[in-house]
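Asker: generate coordinates for the sequence data below:
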Amino acid sequence: MVRVSADTEGLKRDLTEVRSLAGKFTAGLSTAFDQVVFKGRDLGDVLRSIALRLSSSAFHAAFRPLEQGLANAITGLVGNILPFRAGGVVGPNGVTPFASGGIVGSPTLFPAGPSGFGLMGEAGAEAILPLQRGADGRLGVKADGGGRGVTVNVTIQTPDIEGFTRARGRVAAELARAVDKGRRNL
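Answerer: Purely as a prediction, here's the structure:
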């Protein structure tokens with residue numbers, strides 16, 4: 001069985017726009033015939049009026065993406081002028097905390113000590129990751145819960161079962177230390 005998936009949101013928007021234009025055309029024709037038949041207006045004038053309204057609707061529909069692009073560009077420009085508000089350093093209600101991490105998706109200035117400002121996100125999205133000290137004192141990114149458990153298989157071969165029975169506690173302790181050390185170094 002072959003499964004195909006596609007993003008059809010653009011097509012849905014276009015079909016909605018076509019339905020809207022068709023509805024306007026139908027309403028325009030209905031109004032035109034009403035004005036010609038019941039109000040005695042000249043058919044040529046009414047048809048010109050319909051053509052102008054349809055042209056206006058088509059013009060606005062064609063330029064809507066340009067209007068949206070221009071609005072996005074202006075928003076981006078204002079965001080660069082006021083970078084802390086747009087970049088997430090200062091949110092709409094004050095300071096936006098990143099203690100749990102976050103993502104910066106566009107070029108954003110941030111205060112950087114005595115030098116003034118730093119720039120993040122200039123080459124694409126960047127992650128803000130909180131750091132923690134490990135048991136060994138090293139500073140790093142904490143990762144937990146993402147992977148599956150690790151299975152450790154141990155094979156012990158001994159010709160002397162009684163000697164192994166006596167040393168079993170020491171072997172278990174040594175094995176636990178080795179596994180713990182390996183887990184810390186992952």
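Asker: neighbours around Ala61, how many?
Answerer: With neighbours defined by other CB atoms under 10 Å, the count for Ala61 comes to 14. The way it works is simple: take the backbone N, C-alpha and C, and place the C-beta from them, glycine included.
Asker: sticking with the spatially closest residue to it that is not a sequence neighbour, tell me its helix or strand.
Answerer: Once flanking residues are discounted, Ala61 sits nearest to Glu17: 5.6 Å by CB to CB, 6 or more residues apart in numbering. Here Glu17, judged by DSSP states H and E, is contained in helix 9-39.
Asker: buried by neighbour count: which residues of that helix qualify?
Answerer: Lys24, Gly28, Ala32, Gln35, Val36 (16 or more other CB atoms under 10 Å).
Asker: from what I can see the third one touches Leu47, true?
Answerer: It stands for Ala32. Yes: between Ala32 and Leu47 there is a contact at 6.6 Å, judged by CB atoms under 8 Å.
Asker: helix or strand with the lowest mean pLDDT in this structure?
Answerer: Lowest by mean pLDDT, DSSP states H and E among the helices and strands of the chain is helix 83-87, with a mean of 46.
Asker: still on that earlier bit, closest to Gly10 out of the buried residues of helix 9-39?
Answerer: Lys24 (21.4 Å; CB to CB).
Asker: so how far is Ala125 from Gly137?
Answerer: Applying CB to CB, to the nearest Å, the value for Gly137 to Ala125 is 31 Å.
Asker: and Ile50, by the same measure?
Answerer: Taking CB to CB as the measure, Ile50 falls 49 Å from Ala125.
Asker: give me the nearest residue to Leu54, chain neighbours excluded.
Answerer: Phe25 (6.1 Å).
Asker: closest to Pro114 among the buried residues of helix 9-39?
Answerer: Using CB to CB, Lys24 comes nearest to Pro114 of the buried residues of helix 9-39, at 61.4 Å.
Asker: could I get the contacting residues of that closest one?
Answerer: Listed by CB atoms under 8 Å, 6 or more residues apart in numbering, the contact set of Lys24 reads Arg53, Leu54, Ser57.
Asker: Leu21 is in contact with the last one, correct?
Answerer: Yes: counting by CB under 8 Å, Leu21 is a contact partner of Ser57 at 5.8 Å.
Asker: between Gly137 and Ala125, which one's more packed in?
Answerer: Ala125 (10 against 6).
Asker: quick check: phi and psi on the residue nearest the centre of the chain?
Answerer: Nearest residue to the geometric centre of the chain (CA atoms, centre = their mean): Gly105, 8.4 Å. Torsion angles at Gly105 (phi, psi; degrees, to the nearest 10) stand at phi -100, psi 0.
Asker: can you check Thr108 too?
Answerer: Given degrees, to the nearest 10, the pair of backbone angles that Thr108 has is phi -140, psi 130.
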